[in-house]
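Student: quick one: sequence and predicted model below, then my questions.
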Amino acid sequence: MRPANRPNNQLRNIEFITDINPYAEGSCLVKYGNTHVLCTATVEEKIPAWLKGQQKGWITAEYAMLPRSAQTRIPRETKKPSGRSQEIQRLIGRSLRAVVALEKMPEISILIDCDVLQADGGTRVASISGGFIALHRAVSKLLSEKKLAENPICEFVAAVSCDICNGEPVLDVDYAEDSTSQVDMNFVMTESGNLVEIQGTAEGAPFTEQQFAQMLELGKQGIKTIIAKQKEALQC
């Protein structure tokens, strides 16, 4: 039995609380069990210089863990993000851009800030799922203000972890499992079931194609449930 007494195919309690920040164009507090991430969307009516003249918008992300989001204090990244933070924020940006038609939001940039308030495994996948909620709320605001002619969001996107613990594939791991797992895997998928990104690493012995297929199936089912929760939170 898993440390949290969950079946191998069971998600943690997942919750999306929208409009948590009254100043941001879109916001969401996402909870994957005891992992809590505050996601906010900021709209700017300008684009990076390298996009000038292309009649496209842009979506990017920043990610950080607050000093006491973990069991020991994490120093603030005041000068530049750590290598880990840079890798995660690029992942978040790629995941969100994958489901947005950037040509439908010309000259508009949306910055998604993901700040980890409390970490218990899966902060990057929670940030992607919560970041999409913040993005969706910001786009809805732009549409209501007639700053966008049509909705650039093509479909929903979400993410989840699947590890191999004690030789068995398990869904949505917490820190206790993640810190001792034999394989770390993260899946980002769209509502239609298409894959955006797969991150997988064997921490010990290599994993088999069969084990990968089992983790992929767990990930598909988990993301299907997460997207249903996203839609419920957004009343879609």
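Tutor: Looks like it came in fine. Keep in mind the model is a prediction, meaning the values are calculated, not measured.

Student: other SSEs contacting the lowest-mean-pLDDT helix or strand in the chain?
Tutor: Every helix and strand of the chain was ranked by mean pLDDT, DSSP states H and E. The lowest is helix 175-178, at a mean of 92. Judged by 3 or more Cβ pairs under 8 Å, 6 or more residues apart in numbering; DSSP states H and E, the packing partners of helix 175-178 are strand 157-165. Quick note: C-beta positions are derived from backbone N, CA and C, even for glycine.

Student: same question for the least confident helix or strand of the chain: list its buried residues.
Tutor: 175, 177-178 (16 or more other Cβ atoms under 10 Å).

Student: and what of stretch 17-33?
Tutor: Quick answer for stretch 17-33 (16+ other Cβ under 10 Å): 18, 20-21, 24-33.

Student: which residues are in contact with that stretch?
Tutor: 4, 11-16, 36-43, 110, 120-122, 125-127, 129-131, 133-142, 172, 174, 233-234 (Cβ atoms under 8 Å, 6 or more residues apart in numbering).

Student: just the buried ones from those residues?
Tutor: Judged by 16+ other Cβ under 10 Å, buried ones among the contacts of stretch 17-33: 11-12, 14, 16, 36-43, 110, 120-122, 125-127, 129-131, 133-142, 172, 174, 233-234.

Student: secondary structure class for residue 28?
Tutor: strand (DSSP: H, G, I helix; E, B strand; the rest coil).

Student: from now on call the first residue 17
Tutor: That works, and once the first residue is 17, the last one we named lands at residue 44.

Student: show the average pLDDT along the helix or strand harbouring residue 151.
Tutor: Following DSSP states H and E, one finds residue 151 within helix 139-160. Averaged across helix 139-160, the pLDDT comes to 98.

Student: residue 182 - how many residues pack around it?
Tutor: Residue 182 has 12 neighbours, counted by other Cβ atoms under 10 Å.

Student: got phi/psi on the closest residue to residue 219 other than its chain neighbours?
Tutor: Sequence neighbours aside, residue 198 is the residue nearest to residue 219 in space, at 5.7 Å (criterion: Cβ to Cβ, 6 or more residues apart in numbering). The phi/psi pair for residue 198 (degrees, to the nearest 10) reads phi -90, psi -20.

Student: quick one: residue 198 and residue 25, what's the gap?
Tutor: 18 Å (Cβ to Cβ, to the nearest Å).

Student: ditto for residue 226
Tutor: 16 Å.

Student: who's more crowded, these two?
Tutor: Comparing residue 226 with residue 25 by other Cβ under 10 Å, the one with more neighbours is residue 25, at 14 against 9.

Student: list the contacts of that one.
Tutor: 187, 234, 237-238.

Student: of all the residues you listed, which two lie farthest apart?
Tutor: Maximum pairwise distance among the contacts of residue 25 (Cβ to Cβ): 7.6 Å, between 187 and 237.

Student: more crowded one of these two?
Tutor: residue 187 (24 against 15).

Student: these two touch, right, that one and residue 27?
Tutor: Yes. If you go by Cβ atoms under 8 Å, residue 187 and residue 27 touch, sitting 6.2 Å apart.

Student: which ones among the contacts of residue 25 map onto strands?
Tutor: Using DSSP state E, the members of these that fall within strands are residue 187.

Student: is residue 166 located within a strand, as I assumed?
Tutor: No. In this structure, residue 166 is coil, not part of a strand, as judged by three-state DSSP.

Student: what is the burial count for it?
Tutor: Counted with other Cβ under 10 Å, residue 166 comes out at 8.

Student: can you check the one 4 residues further on too?
Tutor: Counted with other Cβ under 10 Å, residues neighbouring residue 170 total 14.

Student: please list all residues in contact with it.
Tutor: With Cβ under 8 Å, 6+ apart, residue 170 has these contacts: 115-117.
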